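K.L.:
Next one to model:
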Amino acid sequence: MGGMRIAFGLLTFVTFGMIIGALFQLAFIRRLEESSGIPQWVDDKEAVVLRLGILKPEVLSWSPRIIVFHNFLSMEECDYLRAVAHPRLQISTVVDTKTGKGIKSDVRTSSGMFLSPEERKYPIIQAIERRIAVYSQIPEENGELIQVLRYEKGQFYRAHHDYFSDTFNLKRGGQRVATILMYLSDNVEGGETYFPMAGSGECTCGAKTIKGLCVKPVKGDAVLFWSMGLDGQSDMNSLHGGCEVLAGEKWSATKWMRQRATN
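P.N.:
Okay, the predicted model is just below:
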C-alpha cells in the first residue's frame, strides 16, 4: 500500500512537472514569436524606420547579385513619392557616353524627375534613405538623389548597364556599385524588370517570353542589384531593363549608389 502511495506521489509530481515545463516552453515560444513581429518595436523608432518584422528579403541570383525586399516601402511612402513627383515629371534621358550628360533616347521612353537635395532632408525621405543604406550596406552619403519614374502603356527601358563607361561621371563619387529599384504602384500589366543574363530559365517580359530572370512590379517591393562584382570590377551580368507596360501605369523610384561620397 505504501509503495502505491509513493508511486502515485511520484506520478503526480512528474505530471505537474511536465505541465509546468510545457507552460514555460509555450511562454518561451510566445516570446520568440513576438520578437519576430513589429508590435514589440512600436516604440523603437529605428526598428520602425527599418521595417523590422515586416520587410522580407529574397535572394534571386548570386551572379549577378539580385535581392528582392518584399514590403520595403509602406503604402504611404509609395503614395508620397508619387505625389511629390507627379507635377514635375519630364521625359526621361540616358547618359551620353561621350559627354556624360543626359540626352533623350528611344532606348528609354518613360518620364521622371529627381528629388532635390532639400527634399532629401524630409523625414519620410530620410527614413527611406536610412533603410536603403542599412540593407545595401552602402553609406547614405554614397547615394545619388532618388529618381521617380512613370511608365505608361507601351513604354519601356531597353537592356542596359548602370555602371558608367565614360570618365565624366566617375569624377563625382566614382563608379556605381549598386542600384535599388522600388515599386510604387500596383495593378500593372507587364512592366517587369528583367535581367537577361541571370539564371538559365525563361520568364515573361511584357507580352514576350525571354531568357533570363524577370521581377514583377509589386507596390512596396524593392529590387537591389549590384553593378560591380566582389572583385571590384564592373559586372557585365548586371545587364537589365524595363519590360513594356501593357496596361496601367508603372511607378518606381530608383537610387544609384557609388564607391565614394557624392557630396
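K.L.:
residues in contact with the nearest residue to A222 once chain neighbours are set aside?
P.N.:
Nearest non-adjacent residue to A222, counting by CB to CB, 6 or more residues apart in numbering: F72, 3.7 Å away. No exception for glycine: its C-beta is placed from N, CA and C like everyone else's. By CB atoms under 8 Å, 6 or more residues apart in numbering, the contact list for F72 reads R51, L55, R131, Y135, M182, G220, D221, A222.
K.L.:
Domains in the protein, by residue range?
P.N.:
2-35, 43-258 (automatic domain parsing).
K.L.:
Point out the most buried one among those.
P.N.:
domain 43-258 (a mean of 17; mean count of other CB atoms under 10 Å).
K.L.:
Check the offset of that domain from the chain's centre.
P.N.:
How far domain 43-258 lies from its chain's middle: 8 Å, per CA atoms, centre = their mean, to the nearest Å.
K.L.:
can you give me the end-to-end distance of that domain?
P.N.:
Length of domain 43-258, first residue to last, CA to CA, to the nearest Å: 33 Å.
K.L.:
could you give me the average pLDDT of that domain?
P.N.:
Mean per-residue pLDDT for domain 43-258: 93.
K.L.:
ok, back up a step: so the residue nearest to A222 versus V48, what's the distance?
P.N.:
14 Å (CB to CB, to the nearest Å).
K.L.:
list the contacts for I180?
P.N.:
With CB under 8 Å, 6+ apart, I180 has these contacts: I132, S136, A222, V223, L224, T254, K255, M257.
K.L.:
With T209 instead?
P.N.:
E202, C203.
K.L.:
and it, that one's in a strand?
P.N.:
Yes - looking at T209 with DSSP: H, G, I helix; E, B strand; the rest coil, it is inside a strand.
K.L.:
partners of it in the sheet?
P.N.:
T204 (DSSP bridges).
K.L.:
residue ranges for the strands of the stretch 101-250 of the chain, please.
P.N.:
Taking DSSP state E, counting those that start in this stretch, the strands of the stretch 101-250 of the chain run over residues 102-103, 111-114, 147-151, 157-160, 176-183, 189-190, 193-195, 202-205, 208-211, 213-215, 222-226, 240-242, 245-247, 250-258.
K.L.:
Columns distance to K121 on top of these, output as JSON lines?
P.N.:
As requested, those are exported to JSON lines (distance: least, CB to CB, whole Å):
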{"stretch": "strand 102-103", "distance to K121": "24"}
{"stretch": "strand 111-114", "distance to K121": "15"}
{"stretch": "strand 147-151", "distance to K121": "17"}
{"stretch": "strand 157-160", "distance to K121": "29"}
{"stretch": "strand 176-183", "distance to K121": "19"}
{"stretch": "strand 189-190", "distance to K121": "36"}
{"stretch": "strand 193-195", "distance to K121": "29"}
{"stretch": "strand 202-205", "distance to K121": "38"}
{"stretch": "strand 208-211", "distance to K121": "41"}
{"stretch": "strand 213-215", "distance to K121": "31"}
{"stretch": "strand 222-226", "distance to K121": "22"}
{"stretch": "strand 240-242", "distance to K121": "29"}
{"stretch": "strand 245-247", "distance to K121": "33"}
{"stretch": "strand 250-258", "distance to K121": "16"}
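K.L.:
Thanks again, I'm all set now.
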